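In: with the sequence up front, the predicted model follows.
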Amino acid sequence: MADTIFLILALLALFGAGSMITLSNTVHSALGFIITVLALAGLYALLNASFLFMVQIIVYAGAIIALLLFVIMFLNIQQSHAPKEPSKYIFMLISAIVIAPVDYLLFKAFYTITDIENFSITAKDFGSVKMLGSELFKNWLLPFEAISLLLLVALIGAVVMARKKERA
């Protein structure tokens, strides 16, 4: 049963990602992104990563997608404003051909695993808030603080850029 649910969620994630890239209408592309985000949340739920599942739903599917759709609707981007990409599908085909050997190696490595019954992908407390917080603040404290500083600088830069446009 879990394999079937995984397969359905994986196909939904691929469908959403593909539609996000290929569709030219920005609202349809954002809806494809929503499908991808919700499918990833389902995959986190299958891994028993309850915290990551909730964060994926609340932060990405809730806040960021709502903000993205609000900005798209607010800006009223028309199809005529979109850049012309005559060779978009050729680049996508070339990218698929380039990534095919990596896919082959991953599938080959996966199917050479012989002891599937005793093979566990995740630790016992995978996805728990305690383990995630401990890992984040013990081993990844410097990158965590660097990213927060980078986001702060980006926020200040956006405010400065917006204020310059008001004065002009």
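Out: Happy to help now that I have it.
In: now the helix or strand containing Thr36: mean pLDDT?
Out: According to DSSP states H and E, Thr36 maps onto helix 26-46. In this model, helix 26-46 carries a mean pLDDT of 88.
In: next, the closest residue to Phe137 other than its chain neighbours: phi, psi?
Out: For Phe137, ignoring the flanking residues on the chain, the nearest one in space by Cβ to Cβ, 6 or more residues apart in numbering is Phe144 at 7.3 Å. Just so you know, the C-beta spots here come from the backbone N, C-alpha and C atoms, and that holds for glycine as well. In terms of degrees, to the nearest 10, the main-chain angles of Phe144 are phi -60, psi -50.
In: do the same with Ser24
Out: When read as degrees, to the nearest 10, the backbone of Ser24 gives phi -90, psi -20.
In: number of residues surrounding it?
Out: Each residue near Ser24 was counted by other Cβ atoms under 10 Å, and the total is 10.
In: number the chain from 491, please
Out: All set: I'll call the first residue 491, so the last point we hit is now Ser514.
In: separation between it and Glu575?
Out: Distance from Ser514 to Glu575, counting by Cβ to Cβ, to the nearest Å: 8 Å.
In: repeat that for Leu622.
Out: Leu622 is 39 Å from Glu575, by Cβ to Cβ.
In: those two: who's more crowded?
Out: Using other Cβ under 10 Å as the criterion, Leu622 and Glu575 rank with Leu622 on top: 16 against 10.
In: which parts of the helix holding Thr526 are buried?
Out: 516, 519-535 (16 or more other Cβ atoms under 10 Å).
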